[in-house]
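**Q** Next input, structure requested:
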Amino acid sequence: MQGREEAIRPMGADAWFGPAVDAAGPPPGLPPENRPGPPELGDLPELVVTWAGRLAGTPDALLYLVDRAGQRLVARHGSGRYAASAGGSVRTGEGLAGEVWRTAAPLVLPGDEHAGDALGVPLRSDGAVVGVLVAASSGPRRTFDRADVERLRGFGEVAGVAVDNAGRLAAARREPAGTRLAEREAARPDARDWLPRAEGRYRALFEQIPAVVYSEVHAIGGSHIYQSPQIEHILGYTPEESTQPNHWRTRVHPDDRGWVLAEDARCDHTGDPWFAEYRVIAKDGRVVWVRDHAVLVAGEHGEPDCWQGYYIDVTDQKLAEAAMRQALQRERQAALELRAVDTMKNTFLDAVSHELRTPLATVIGIAKTLKRAGPSLAEEDVTDLVDRLVNNADKLDRLLTDLLDLDRLSKGIVAPKLARTDLAALIGGVAQEWRQRSGRRLEVLVEPVVATVDPAKVERIVENLLANADRHTTPDTPVWVTLARRDEGVLLAVEDAGAGVPRELRAELFDPFRRGPQAPTRTTGAGIGLTLVARFAELHGGRAWVEDRAGGGASFRVLLPDLPEPVVAG
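**A** Sure, this is the predicted structure:
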């Protein structure tokens, strides 16, 4: 069979359905004994095709039945793209259906880039093939797995008995009323006794397929009157337990019960086929996903009689789908994180390279000037060049120190070196250096506060906040530094009367390499100064934030708890 499948694979699934795909009716001139089976089958072929399509998860299915002479397979009913195929026929070994008829075994035709798999299973009754069910997957690269084959094969066993019994009943009804019993028995030995055996044969086959087959009274709130024994394997309940009033309703999962019962009531009112996937609680407390199908069967006079249905355990499929969704979500999250890292990397390289290049170029230029023309320069020119050299070297040192500190803080390898510190004196010293370096006015409003902090880290906090104010305000903008004790510690603030910070940017300003809205056009900076302010505050167990200043502008605030002084062992 492997060689045969490889030889026909390029033909695609459609070619394997044989002439039935194109035929609009029985071939002309077909002898009566070779025409399709009895018309008295009624809606049974349609029901078989509908259920087969649902089991296989595809709208495209076709039912073939063996003709009365046993020489051809005749297409009786199709759905989906095979809805117009009824009437065509194939011989044994011809196409997928003919091959299944010949071998009496399921067969999967692999698909290609144009069409998915095709699956054929035999319909059996009393050991003989009475028909073939064919299902085509719904799209390219859609495959049928072993579970699909087993489900459709088991259903084919049940459908084969149903079709065969219906055909025999129709044949018995067509016999002339005067035919003697002996003649009927000679012509069709089992035509007399198949009816008493039908229920037992149905149940025996139902109990072999991997599904729970059930019957339910057609009434609002109707209960099951039969469930096949597979329910004990799937849910742990015996068939007797499962047919108790309201048993089905009580075992539907609470999260699904509302919509499931509403859909059940709708189908009871309209008579529409029932199809649902929902969760139920097994006897041992497990959550089991089931795929539930049922159709309304008419009574003797055409009135709604009962629901005939089945359900299968699809828990593994649902768990696989959930795992796939989680994997896709993790993949999407990882992709977002990678993009964020890539964006941060590019921002970092852009900002840091600029911050490094500018002072480094100045340092290199001054050094070359001093080397080449130093002896001929006036003393005041040398002094100016040396001052500029030192200033730019300090900028490089501060930038590298910030980068190293940020890296160490990110890795969690920095611990505060706590000591009792006069914060008023510390802030006063930093403020004086800032005035000299920037040439700007700065008003210092501090209370005499002594607290247990890491003085070097607090000094860096004040320096970075003042540097941020210098970058983002004009030289004539007032700047203030305030310090006051609070119940929970000390509150340090650097405020300015500038344009302020938009609310939507306030949280982002403390992220690495984020810069204010004016930064690209007016100022320089690597975008890590405020990040270090926040990280140094967190190192103390405090926090940093920005808010509007009363009277206009921005107020950058840092709250530091007054930590207990460390005990030194004597």
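**Q** I'd like the average pLDDT over the longest strand anywhere in the chain.
**A** The residue-count maximum for a strand in the chain (DSSP state E) belongs to strand 287-298. Averaged across strand 287-298, pLDDT comes to 86.
**Q** quick one: the helices in the stretch 1-150 of the chain?
**A** All helices of the stretch 1-150 of the chain, identified by DSSP state H, counting those that start in this stretch, fall at 2-8, 12-15, 44-56, 95-103, 146-174.
**Q** picking that back up, any idea of the angle the longest strand of the chain forms with helix 146-174?
**A** Angle, strand 287-298 to helix 146-174, by axes from the mean of the first three to the mean of the last three Cα atoms, to 10 degrees: 20 degrees.
**Q** Can you give me the buried ones in strand 287-298?
**A** The neighbour-count check on strand 287-298 (16 or more other Cβ atoms under 10 Å) flags 288, 289, 290, 291, 292, 293, 294, 295, 296 as buried. Bear in mind the C-beta positions are built from the backbone N, C-alpha and C, glycine included.
**Q** Dead centre of the chain: give me the residue that sits there.
**A** residue 325 (2.6 Å; Cα atoms, centre = their mean).
**Q** Would you mind giving the secondary structure of that one?
**A** Secondary structure, DSSP: H, G, I helix; E, B strand; the rest coil: residue 325 is helix.
**Q** On the pLDDT front, check it for me.
**A** Taking residue 325 on its own, its pLDDT is 89.
**Q** SS state for residue 541?
**A** Classification of residue 541 using three-state DSSP returns coil.
**Q** Could you list the low-pLDDT ranges of the stretch 301-450 of the chain?
**A** Along the stretch 301-450 of the chain, the parts satisfying pLDDT under 70 run over 301, 344-355.
**Q** And the strands in it?
**A** Assigned by DSSP state E, counting those that start in this stretch, the stretch 301-450 of the chain shows strands spanning 304-313, 419-422, 443-446, 450-453.
**Q** show me the contacts for the residue of the chain positioned farthest from its centre.
**A** Going by Cα atoms, centre = their mean, the residue of the chain most distant from its centre is residue 376, 74.3 Å out. Listed by Cβ atoms under 8 Å, 6 or more residues apart in numbering, residue 376 has no contact partners.
**Q** could you measure it against residue 275, distance?
**A** Computed as Cβ to Cβ, to the nearest Å, the residue 376 to residue 275 distance reads 97 Å.
**Q** again with residue 497
**A** For residue 497, the distance to residue 275 (Cβ to Cβ) stands at 69 Å.
**Q** Please name whichever of the strands of the stretch 301-450 of the chain is nearest to residue 53.
**A** Residue 53 lies closest to strand 304-313 among the strands of the stretch 301-450 of the chain, at 13.9 Å (Cβ to Cβ).
**Q** Show me what that closest one is in contact with.
**A** Contact with strand 304-313 is made by 55, 151, 210-218, 222, 225, 234, 271, 274, 288-299, as judged by Cβ under 8 Å, 6+ apart.
**Q** tell me which residues in it are buried?
**A** Within strand 304-313, the residues scored as buried using 16+ other Cβ under 10 Å are 306, 307, 308, 309, 310, 311, 312, 313.
**Q** tilt between that strand and strand 287-298?
**A** Angle, strand 304-313 to strand 287-298, by the same axes, to 10 degrees: 150 degrees.
**Q** what are the pairing partners of strand 304-313, and which direction each?
**A** Using DSSP bridges, strand 304-313 pairs in its sheet with strand 212-217 (antiparallel), strand 287-298 (antiparallel).
**Q** can you list those in a markdown table and add distance to residue 123?
**A** Conversion of these to a markdown table gives the following (distance: least, Cβ to Cβ, whole Å):
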| stretch | distance to residue 123 |
| --- | --- |
| strand 212-217 | 17 |
| strand 287-298 | 18 |
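**Q** hang on, the earlier thing: what's the closest of the buried residues of strand 287-298 to residue 441?
**A** Nearest member of the buried residues of strand 287-298 to residue 441, counting by Cβ to Cβ, is residue 289, at 72.3 Å.
**Q** where's the closest one relative to residue 80, distance?
**A** On the measure of Cβ to Cβ, residue 289 and residue 80 end up 26 Å apart.
**Q** Residue 505 now?
**A** Residue 505 is 56 Å from residue 80, by Cβ to Cβ.
**Q** Pick out whichever of those two has more residues nearby.
**A** residue 80 (16 against 13; other Cβ atoms under 10 Å).
**Q** who's in contact with the more buried one?
**A** Residue 80 neighbours (Cβ under 8 Å, 6+ apart): 53, 58, 59, 60, 61, 136.
**Q** Just the ones of those in strands?
**A** 60, 61, 136.
**Q** So what's the residue count around the last one?
**A** Pointing back at residue 136 there. Neighbour tally, residue 136, other Cβ under 10 Å: 31.
**Q** taking the mean pLDDT, what do you get for stretch 458-477?
**A** Stretch 458-477 shows a mean pLDDT of 90.
**Q** Tell me which residues of that stretch come out buried.
**A** 458-473, 477.
**Q** Closest one of the buried residues of strand 304-313 to residue 539?
**A** Among the buried residues of strand 304-313, and counting by Cβ to Cβ, the member closest to residue 539 is residue 313, at 55.2 Å.
**Q** Who does that closest one form a beta bridge with?
**A** Here residue 313 sits in beta bridges with residue 290, going by DSSP bridges.
**Q** any idea how far it lies from residue 89?
**A** The spacing between residue 313 and residue 89, counted by Cβ to Cβ, is 37 Å.
**Q** Then residue 508?
**A** If you go by Cβ to Cβ, the gap between residue 508 and residue 89 works out to 72 Å.
**Q** Now residue 454: closest residue in space that isn't a chain neighbour?
**A** Leaving aside its chain neighbours, residue 454 sits nearest to residue 416 (3.9 Å; criterion: Cβ to Cβ, 6 or more residues apart in numbering).
**Q** residue contacts, that neighbour?
**A** With contacts defined as Cβ under 8 Å, 6+ apart, residue 416 is in contact with 453, 454, 457, 539, 540, 563.
**Q** Just confirm the first one contacts residue 418, I think it does.
**A** Yes. With contacts counted by Cβ atoms under 8 Å, residue 453 reaches residue 418, the gap being 6.6 Å.
**Q** okay, the two: which has more neighbours?
**A** When neighbours are counted by other Cβ under 10 Å, residue 453 and residue 418 differ, and residue 453 comes out ahead with 28 against 17.
**Q** Could you pull up the residues touching that one?
**A** Going by Cβ under 8 Å, 6+ apart, residue 453 touches 416, 418, 419, 421, 423, 540, 560, 562, 563.
**Q** Save these as CSV, and put in distance to residue 281 too.
**A** Shown next, in CSV, are the contacts of residue 453 (distance: Cβ to Cβ, whole Å):
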residue, distance to residue 281
416, 54
418, 57
419, 63
421, 64
423, 63
540, 52
560, 55
562, 56
563, 54
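**Q** could you give the angle of the helix or strand harbouring residue 256 to strand 304-313?
**A** If you go by DSSP states H and E, residue 256 is part of helix 254-270. Helix 254-270 and strand 304-313 are oriented at 150 degrees to each other (the same axes, to 10 degrees).
**Q** how far does helix 254-270 sit from the chain's center?
**A** Centroid separation for helix 254-270 versus its chain: 26 Å, with Cα atoms, centre = their mean, to the nearest Å.
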